[in-house]
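In: need a structure here:
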Amino acid sequence: MGNGLILGLTSIGDLLLNNRISRTQDGSSRENIKLTIPEYQRPYKWSAKNANQLLDDIEDAMNSNKEVYRVGTLILHHEKENIYNIVDGQQRTITFALLLNVLGMKSMDFLGQSLSDNSYNLHNVVNNHRALQRRTEKLHKDDKDRNNLTEYITDRCELIVVITDDLSEAFQFFDSQNARGKTLYPHDLLKAYHLREMSDVDVAETERIVRTWEELNQKDLAVLFNEYLYRLKEWVRGNRSYELTEHNIEIFKGVTSRDNHPFAQYYKGAFAYADETNHSHTPFVTGIQPLSPFQINAPIIAGKPFFEYAKHYFDILSDIQNNDKYEGYFINDVDIVKTLDIRKYKNGVGNRITRLMFDTAILLYVDRFCPAIPSKLDLDYLDQFLVFAFIWAYSMRAQYRNVGWLVAQNYVMGRSDGIVNSFNIYKVIAESDSPSVLLSKMADMLMPLRTYMIKANTDDLYEEKDGVYQNYLHYFKDHKFWEDN
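Out: Here you go, the predicted model:
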């Protein structure tokens, strides 16, 4: 445990009614605390079911004559003077405050603060308050029962409190606490690791970085690391990709400020130059494009750059997967993608794997060859590559009745005997120095399918609905990658 961590215990009554932490490890209390919910906190997501369960647990503990009922851990960042920001424990603390309020404890500074304006906060606070009112309504007719419950909550329900002046340390402790008893997503573990590398970043910037991270859809963020970035890093190296776990996340830890060997200095220098240039007046004055500080197949710079890296690729992948005619830079109103977006091609393991292979090829191409604001020539090259990436990925789908990860890995590794177009497209992209070189290679490597090879449904190749072809094999015909026997 870090030197800056202070442990304590507090009753719910002291915390919410008396604005104090009952006692810390040296035996003293902390008085006049202002308990706050910082802007970077996630919304209040506890439902009425959660609130009722908390009350059930309290009543069970009281009826079992538990002298003290420990209700969890509260992690606080001591920001300044008497300001204590909740890093972990927000859901339970708000619910306790609502419960005390419906039991008649109206004067609570904690409930007087404003929450961020989002749908969860607006709905759940009101709904849970109403649910707890209904649960405790009968107690208002019996002073003894109400007083007994109120006293048990205020005096017997306790929180373990962890206090630190260091926000990064608070987040690290939060992640380690949440790791106990359950498996965290690998990207959560990476968050904790890279926060430890941010000791030189001030509190305001750390809060901004964490808030940006938390605002991203966490399920999509997990998919980005597990299914896209991890697989790309392995495939580019010519390795099979399996599953990103706590045992192989070193691939995303990168080089730290303490690494001074030439390899690390080179990549740190490249990142520092791009970052400094982009934050200077040089792009504006010279009219040059912003410099990309990241490449998928390059090492990550640990600490703050990791969070920028995650946001960078989160946004690019979102753009690539959005075929809206008017949004994004890279994939806009593409006929092939319109067909691939039909529901029947998005359902099923084989379809999802094939689409992932297609999307990862586009992601790697964009990362290597497309500037932040692509020119018409950049987009023309991308359109040509998109056709080749489609033919490569969907040649696999067309030649197998069933596709799973074993089939896909063999196909990527070029080890699918008798299967046309089985090669590692990711290595080909990474080893090409320009779009024109890559497109020339692809033109030589991709072979047409013959009718006897195709196991997929070949019916209705020219059927259209709302201008969208209903069979992806139409584009093999259209782009001369299907030869009759």
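In: where do the domain boundaries of the protein fall?
Out: If you go by automatic domain parsing, the domain ranges for the chain are 6-179, 183-320, 328-485.
In: and the second one, how far out from the chain's middle?
Out: Using CA atoms, centre = their mean, to the nearest Å, the mean C-alpha position of domain 183-320 is found 12 Å from that of the whole chain.
In: just the mean pLDDT for it, thanks.
Out: Domain 183-320 comes out with an average pLDDT of 87.
In: check the longest one too.
Out: Average pLDDT, domain 6-179: 86.
In: if we can go back for a sec, any chance of the domains of the chain in CSV, with mean neighbour count too?
Out: (C-beta placed from N, C-alpha, C; glycine too.) CSV is the format used below for the domains of the chain (neighbours: other CB atoms under 10 Å):
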stretch, mean neighbour count
domain 6-179, 17
domain 183-320, 16
domain 328-485, 17
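In: and stretch 250-266, how far apart are its ends?
Out: 19 Å (CA to CA, to the nearest Å).
In: so what's residue 255 up against?
Out: By CB atoms under 8 Å, 6 or more residues apart in numbering, the contact set of residue 255 is 263-264, 267-268, 299-302.
In: meant to ask about residue 232, not that
Out: 296-297, 360, 363-364, 426.
In: name the SS class of it, please.
Out: helix (DSSP: H, G, I helix; E, B strand; the rest coil).
In: show me what the longest strand seen in the chain is packed against.
Out: In terms of residue count, the longest strand belonging to the chain (DSSP state E) is strand 69-80. Helices and strands touching strand 69-80, by 3 or more CB pairs under 8 Å, 6 or more residues apart in numbering; DSSP states H and E, are helix 48-63, strand 83-88, helix 90-102, strand 157-164, helix 167-179.
In: okay, and which of the contacts of residue 255 map to helices?
Out: 263-264, 267-268 (DSSP state H).
In: what's the closest of these to residue 289?
Out: residue 267 (20.6 Å; CB to CB).
In: any idea how far the closest one lies from residue 274?
Out: Residue 267 sits 11 Å away from residue 274, going by CB to CB, to the nearest Å.
In: could you dump the ones in helices among the contacts of residue 255 to CSV with distance to residue 468?
Out: As requested, the ones in helices among the contacts of residue 255 are exported to CSV (distance: CB to CB, whole Å):
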residue, distance to residue 468
263, 48
264, 49
267, 44
268, 47
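In: what's the end-to-end length of stretch 462-473?
Out: Stretch 462-473 end-to-end distance (CA to CA) = 9 Å.
In: show me what that stretch is in contact with.
Out: Taking CB under 8 Å, 6+ apart as the rule, stretch 462-473 contacts 335-336, 338-340, 342, 345, 390, 394, 397-398, 454, 456-461, 474-475, 482.
In: strands - which of the residues you listed land there?
Out: Using DSSP E, these in strands are residue 482.
In: what about the contacts of stretch 462-473, which are in helices?
Out: Counted as lying in helices by DSSP H, out of those, are 335-336, 338-340, 390, 394, 397-398, 474-475.
In: is residue 145 in contact with residue 139, as I believe?
Out: Yes: under the criterion of CB atoms under 8 Å, residue 145 makes contact with residue 139 at 5.2 Å.
In: where along the chain do the strands fall?
Out: 6-11, 23-24, 34-36, 69-80, 83-88, 157-164, 449-450, 464-465, 468-469, 482-483.
In: and of those, who's closest to residue 287?
Out: Relative to residue 287, the nearest member of the strands of the chain by CB to CB is strand 468-469, separated by 39.5 Å.
In: within the sheet, what are the partner strands of the closest one, with directions?
Out: Strand 468-469 pairs in its sheet with strand 464-465 (antiparallel), by DSSP bridges.
In: now the strand it pairs with: average pLDDT?
Out: Per-residue scores along strand 464-465 average to 92.
In: still on that earlier bit, closest to residue 10 among the ones in helices among the contacts of residue 255?
Out: Using CB to CB, those come closest to residue 10 at residue 268, 43.8 Å.
In: that closest one and residue 302 touch, don't they?
Out: No: counting by CB under 8 Å, residue 268 stays clear of residue 302, with 9.7 Å between them.
In: which residues do the two both contact?
Out: Common neighbours of residue 268 and residue 302 (CB under 8 Å, 6+ apart) are 255, 257.
In: and stretch 466-476, end to end?
Out: Stretch 466-476 end-to-end distance (CA to CA) = 20 Å.
In: just how off-centre is it within its chain?
Out: 33 Å.
In: could you do stretch 397-417 as well?
Out: On CA atoms, centre = their mean, the centre of stretch 397-417 falls 29 Å from that of its chain.
In: hmm, who's touching that stretch?
Out: 235, 238, 240-241, 349-351, 353-354, 357, 396, 419-420, 422-426, 449, 453-456, 472-473, 476.
In: just the pLDDT for residue 1.
Out: pLDDT, residue 1: 40.
In: from what I see, residue 44 and residue 120 are in contact.
Out: Yes: using CB under 8 Å, residue 44 makes contact with residue 120 at a distance of 5.9 Å.
In: ok, the most centrally placed residue in the chain - contacts?
Out: Among the residues of the chain, the one closest to the centroid is residue 221, at 2.4 Å (CA atoms, centre = their mean). By CB under 8 Å, 6+ apart, residue 221 lies in contact with 187, 213, 310, 314.
In: same check, this time on residue 249
Out: Counting by CB under 8 Å, 6+ apart, residue 249 touches 186, 189-190, 193.
In: and residue 161, by the same measure?
Out: Taking CB under 8 Å, 6+ apart, one finds 7-10, 21, 24, 73-76 in contact with residue 161.
In: can I get those residues in a markdown table including distance to residue 161?
Out: Output for these, formatted as a markdown table (distance: CB to CB, whole Å):
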| residue | distance to residue 161 |
| --- | --- |
| 7 | 7 |
| 8 | 4 |
| 9 | 7 |
| 10 | 5 |
| 21 | 6 |
| 24 | 8 |
| 73 | 8 |
| 74 | 5 |
| 75 | 8 |
| 76 | 6 |
